[in-house]
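# Fold the following and give me the result.
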Amino acid sequence: MTAALIENGRTINPADVRLVQDGRILLGAYGISAPTGPNWDPTADLASKIRTDLGYYGEDGFSLTAEPGDNKRFVAHNEDVVIDQDGPGTWAVAFSGIQRSRTLTEAYFDTEVNATTGSFTLTKASVNTFRDLVTVGISGDDVIITHYPRVKVADREAVQFGATAINALGMTLRAFRDPILGYQVRQWDTTLIEVAPAAPTITTTVPATEQAAAGNVIISGTGFTGATSVKFGTAEASFQILSDTQIVAVMPGGTVGAANITVTTAGGTSTAKTFARS
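Residues are numbered from 1 along each chain as shown. Got it, this is the predicted structure:
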């Protein structure tokens, strides 16, 4: 995972990236370049102001809700359902209590803010501007990056002018299918990556170099859990897994001479260990 997505005193200067509670929200103009995977680095985008860091999640974080499209249900004359299908629908992303900023204000009111005076003018209450949204969640070395290439503000919490709420905005963004990228939402989640086990290794055997047919051979090494095959040369041997690092096998019958040992697991087959049948 890229170090640029981590802060909290671990691998990046907190002055460069604001992160609270291991999460961040990045908002940009519609049509900008998409994240490329779990090692995506937003540093250049933030420096060039292509994307703006909205800062942090509130205590309740944010919610991603599926909203299926209209249902198509066709029934035959005998009342059997012939077709029952939902339309593509959209996804909705809801935030509560995000700290107010110029970028967030522009999205909320669908307007432009004068960065010098902090002023803006409202001529409508609707929102028509599409934007690009990226949310990041971090836990230890795992990261979940979610990209919404074409979002628009759908619902907004009321702006409360009070002692504690004047600097917070809450809203729901609806994600639409991007005609260029072809998706509504794309996510990279390192917690879902399945790491294939390593191939087993053989380090030593007892006896060390040879054994007669029907004799036991204790094989030591690594990655033996779940072993599916032990061979002496091309001959399959009966065996018992004692632990992840040890197997006891019975030398199968055959001609005297080379009978190199291999162990096979889901991770692959070990390099052959030189051995012989006496």
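
# May I ask which helix or strand of this structure has the lowest mean pLDDT?
strand 81-86 (a mean of 73; mean pLDDT, DSSP states H and E).

# In contact with the closest residue to A199 other than its chain neighbours, which residues?
Nearest residue to A199, sequence neighbours excluded (Cβ to Cβ, 6 or more residues apart in numbering): G268, at 3.4 Å. (Each C-beta comes from the backbone N, C-alpha and C, glycine too.) Residues near G268 by Cβ atoms under 8 Å, 6 or more residues apart in numbering: A198, A199, P200.

# And for G69?
When contacts are counted by Cβ under 8 Å, 6+ apart, G69 is found next to D86, G87, P88, G89, T90.

# Go through the lengthiest strand in the chain and flag the buried ones.
Longest strand in the chain, counting residues (DSSP state E): strand 142-156. Neighbour counts over strand 142-156 (16 or more other Cβ atoms under 10 Å) mark V143, I144, I145, T146, H147, Y148, P149, R150, V151, K152, V153, A154 as buried.

# One more: stretch 81-101?
Quick answer for stretch 81-101 (16+ other Cβ under 10 Å): T90, W91, A92, V93, A94, F95, S96, G97, I98, R100, S101.

# could you show me where the strands are in the stretch 51-200 of the chain, in order?
51-53, 62-67, 71-75, 81-86, 90-99, 131-139, 142-156, 168-175, 186-189 (DSSP state E, counting those that start in this stretch).

# which regions of the stretch 101-250 of the chain sit below the pLDDT cut-off?
Applying pLDDT under 70 to the stretch 101-250 of the chain flags the ranges 140, 164-166.

# just the helices in it please.
102-109 (DSSP state H, counting those that start in this stretch).

# quick check, nearest of the contacts of G268 to N216?
Among these, P200 lies closest to N216 (Cβ to Cβ), at 19.0 Å.

# Quick check: the closest one touching A272?
No. Look at P200 against A272 with Cβ atoms under 8 Å: they stay out of range, at 11.8 Å.

# Compare the two and say which is more crowded by neighbours.
Using other Cβ atoms under 10 Å as the criterion, P200 and A272 rank with P200 on top: 27 against 14.

# Quick check, pLDDT for I12.
We have a pLDDT of 45 for I12.

# from the contacts of G69, which has minimum pLDDT?
Lowest pLDDT among the contacts of G69: D86, with 72.

# pretty sure that one contacts N71?
Yes. With contact defined as Cβ under 8 Å, D86 reaches N71; the gap is 5.3 Å.

# show me what contacts the residue nearest to the spatial centre of the chain?
Geometric centre of the chain, nearest residue: D189, 0.6 Å, by Cα atoms, centre = their mean. Counting by Cβ under 8 Å, 6+ apart, D189 makes contact with P38, D142, V143, I144.

# Swap in 7 Å and give it another go.
I144 (Cβ atoms under 7 Å, 6 or more residues apart in numbering).

# any idea how far E236 is from it?
Look at D189 and E236: by Cβ to Cβ, to the nearest Å, they are 40 Å apart.

# Kindly report the same for L27.
L27 is 61 Å from E236, where distance means Cβ to Cβ.

# Who has more neighbours out of these two?
Higher neighbour count among L27 and E236: L27, with 22 against 11, using other Cβ under 10 Å.

# List the residues that contact Q211.
Shown in contact with Q211 (Cβ under 7 Å, 6+ apart): V217, M251, R277, S278.

# Recalculate using a threshold of 10 Å.
Going by Cβ atoms under 10 Å, 6 or more residues apart in numbering, Q211 touches T205, V217, I218, F232, A249, V250, M251, A259, F275, A276, R277, S278.

# Can I get those in JSON lines including neighbour count?
Shown next, in JSON lines, are those (neighbours: other Cβ atoms under 10 Å):
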{"residue": "T205", "neighbour count": "20"}
{"residue": "V217", "neighbour count": "22"}
{"residue": "I218", "neighbour count": "14"}
{"residue": "F232", "neighbour count": "25"}
{"residue": "A249", "neighbour count": "24"}
{"residue": "V250", "neighbour count": "17"}
{"residue": "M251", "neighbour count": "24"}
{"residue": "A259", "neighbour count": "24"}
{"residue": "F275", "neighbour count": "22"}
{"residue": "A276", "neighbour count": "15"}
{"residue": "R277", "neighbour count": "20"}
{"residue": "S278", "neighbour count": "13"}
